[in-house]
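Asks: missing the sequence, but the structure's below:
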């Protein structure tokens, strides 16, 4: 197992990270990850995602991107989104927890989640909310970290391989309890 280092990516570092982030997203979607995209999903589409609105959000500090590095290679990421309405300034959303398939089963996703939980507390965000494909391995990870199921929405999203719809589980964690 490679030594993994978790760090928050700054807006200055972000442009150099687009290519590895695009590769990770591309590989994850091609392997069937349900993260908002469908197949065929090209590397160009993945690059466009990372170059688009997300860059603006990170630059304005409405979203924070944490990456996992094996030596200097980015192998995983997760987004902490604090762009919430005025009556929800105590919470944040977790998005795009991704680990390159070559680095699965090494505890990287768990390390990324623990890092953004610490960041959320520093930002005075005590409630984290996320959604995941029902029955996916990510759901087990979130449960093991103390996330509770708020509910399940049947047929919420089209599967990446276009072979039907999947349910989505909405989960949350109060970081102060």
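Replies: Looks like it came in fine. Nothing here was measured: the structure is a model prediction, and the numbers come from that model.

Asks: Just to be sure, residue 109 is in a helix?
Replies: Yes: checked against DSSP: H, G, I helix; E, B strand; the rest coil, residue 109 lies within a helix.

Asks: mind checking which helix or strand of the protein has the lowest mean pLDDT?
Replies: Every helix and strand in the chain was compared by mean pLDDT, DSSP states H and E; the lowest is helix 53-59, with a mean of 76.

Asks: And that one, what's buried?
Replies: 54, 55, 57, 58 (16 or more other Cβ atoms under 10 Å). C-beta: built from backbone N, CA, C; applies to glycine.

Asks: And for stretch 143-155?
Replies: residue 147.

Asks: Please state the offset of it from the chain centre?
Replies: 15 Å (Cα atoms, centre = their mean, to the nearest Å).

Asks: Give me the residues contacting that stretch.
Replies: 110, 113-114, 117, 128-130, 134, 165-173 (Cβ atoms under 8 Å, 6 or more residues apart in numbering).

Asks: Drop anything exposed from those.
Replies: With burial judged by 16+ other Cβ under 10 Å, the buried subset of the contacts of stretch 143-155 is 113, 117, 128-130, 134, 166, 168-173.

Asks: which among these gets closest to residue 96?
Replies: Comparing those against residue 96 with Cβ to Cβ places residue 130 closest, at 10.1 Å.

Asks: and the helix or strand hosting that closest one, what other elements does it pack with?
Replies: Assigned by DSSP states H and E, residue 130 belongs to strand 127-133. Helices and strands touching strand 127-133, by 3 or more Cβ pairs under 8 Å, 6 or more residues apart in numbering; DSSP states H and E, are strand 91-99, helix 108-122, helix 137-144, strand 148-158, strand 165-174.

Asks: now it against strand 148-158, angle please.
Replies: 40 degrees (axes from the mean of the first three to the mean of the last three Cα atoms, to 10 degrees).

Asks: Nearest to residue 86 among the buried ones among the contacts of stretch 143-155?
Replies: residue 129 (16.7 Å).

Asks: so how many other residues sit close to residue 105?
Replies: 9 (other Cβ atoms under 10 Å).

Asks: and the gap between it and residue 41?
Replies: Applying Cβ to Cβ, to the nearest Å, the value for residue 105 to residue 41 is 23 Å.

Asks: Distance of the residue nearest to residue 6 when sequence neighbours are not counted relative to residue 108?
Replies: Leaving out its chain neighbours, the residue that sits closest to residue 6 by Cβ to Cβ, 6 or more residues apart in numbering is residue 115, at 4.7 Å. Distance, residue 115 to residue 108, by Cβ to Cβ: 11 Å.

Asks: Listing request: residues of the protein with sub-threshold pLDDT.
Replies: Confidence mapping of the chain against pLDDT under 70 gives the ranges 1-2.
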